[in-house]
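Peer 1: Attaching a predicted model along with its sequence, questions to come.
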Amino acid sequence: MRPTFHPTLVNGPFGDPALYVEFLDRRPALMFDLGEISDLAPRKILRLTHVFVSHAHMDHFAGFDRLLRICLGRDMFLRLFGPPGFIDRVASKLGGYTWNLVGNYTNDLTLEVAEYAHTSPWRHAQFRVRTGFRREELDPPAFPDGILVDEPAFRVRTAELDHRTPCLAFSLEEPEHLNVWRNRLAERGLKPGPWLSALKAAVRRGDPAHTPIRVVWSAPQGRPATLPLGDLRDTVLSRERGQKVGYVVDAVHSPANADRIIALVRGADRLYIEAPFRNREAERAAATRHLTAGQAGGLGARAGVREIVPFHFSSRHEGEIDALRGEALAAFRQER
Ligand SMILES: [Zn+2]
Ligand SMILES: [Zn+2]
């Protein structure tokens, strides 16, 4: 099956973190972290609908100005997510400019900003260009099980990690694929049609097995108008798990962080994970609340992910790209 999510790091492994995710059949795009993004084409920036920021250290958030510059003057609704204090960070960025003339804009750019922490209260505010980006409080959001966004096409979950400041890790998940066995439909005398979409929607919602589903028969005489959802689900549908991408940056290698990372990214097809330091620098990594390459690889192995992409390498190791990757992959293979 062709993958639905197409993630790309905007910068090289030594550049600022920014992971741009396109979809196979959908125009909007997502972004994880917002470091320097001058290499990201404006047309790509304009497709963004959701931006997930791990924390507001400059290398993860300096791209906000370019995002704003490109989106200004457009009708856009952009959702941003970040750790506690993030709404203040966004307000401060916006407060750095003069907005006296924007009231005349005929279009509206809205930034809806949410804060997630391991324990609520979660906060929510919006900033609209026409009000000069005045902060407007919104009702607190609900993020059950750390789920920030739950849409038909994708779901994003988060976990708060310790980086001596809260830092969010993310997982991007696709709902399971539901396909129809055409031959089994035919064997049962059922006719394909729009009723299959209703069946799939009911299965995705997790409706109970006894739920009646209206069906269409090739020869309707004497046949029931409905069949139970459970029967159809188990006989005419094939279910295949969806794609999963993990994103983990800036976290100390502590038992608590490891547990949260593993639970969040378990079984991912691909894990983007920071690996700033060489294995011999474990002390330095711990002092700056980061991972070593080996720790990153080990976490990927313990989470049972299929592939790791180590990145966010420290600039002090420029020229040691193979060594950093090598240490991460060695631990990944060894501990699997
Ligand atoms: Zn950081
Ligand atoms: Zn960083």
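Peer 2: Here it is on my side, so go on. Numbers count the residues shown, from 1 in each chain. Ligands and ions are numbered 1, 2, ... in the order given.

Peer 1: Find the closest residue to ligand 1 in the stretch 151-300 of the chain.
Peer 2: Nearest residue of the stretch 151-300 of the chain to ligand 1: Asp250, at 3.8 Å (Cβ to the ion). C-beta: built from backbone N, CA, C; applies to glycine.

Peer 1: give me the element that residue is part of.
Peer 2: Counting by DSSP states H and E, no helix or strand carries Asp250.

Peer 1: For it, give me phi and psi.
Peer 2: In terms of degrees, to the nearest 10, the main-chain angles of Asp250 are phi 40, psi 80.

Peer 1: any idea how far it is from Asp33?
Peer 2: Distance, Asp250 to Asp33, by Cβ to Cβ, to the nearest Å: 10 Å.

Peer 1: so what sits against both of those two?
Peer 2: By Cβ atoms under 8 Å, 6 or more residues apart in numbering, Asp250 and Asp33 have these common neighbours: Ser54, His60.

Peer 1: Between those two, which is the more surrounded one?
Peer 2: Neighbour comparison, Asp250 and Asp33: the larger count goes to Asp33, with 29 against 26 (by other Cβ atoms under 10 Å).

Peer 1: list the contacts for that one?
Peer 2: Asp33 makes contacts with Asp16, Pro17, Ala18, Leu19, Phe52, Val53, Ser54, His60, Phe61, Tyr247, Val249, as judged by Cβ under 8 Å, 6+ apart.

Peer 1: Run through the residues of this protein sitting next to ligand 1.
Peer 2: Neighbours of ligand 1 within the chain, by Cβ under 5 Å from the ion: His57, Asp250.

Peer 1: Show me the chain divided up by domain.
Peer 2: 5-175+242-335, 177-240 (automatic domain parsing).

Peer 1: can I get those domains in a markdown table with mean pLDDT?
Peer 2: Formatted as a markdown table, these follow (pLDDT from 0 to 100):
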| stretch | mean pLDDT |
| --- | --- |
| domain 5-175+242-335 | 95 |
| domain 177-240 | 92 |
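
Peer 1: Can you list the neighbours in contact with the helix or strand containing Asp59?
Peer 2: For Asp59, the element it lies in under DSSP H and E is helix 58-61. Residues from elsewhere that reach helix 58-61 (Cβ under 8 Å, 6+ apart): Asp16, Pro17, Asp33, Leu34, Gly35, Glu36, Val53, Ser54, His55, Arg89, Val249, Asp250.
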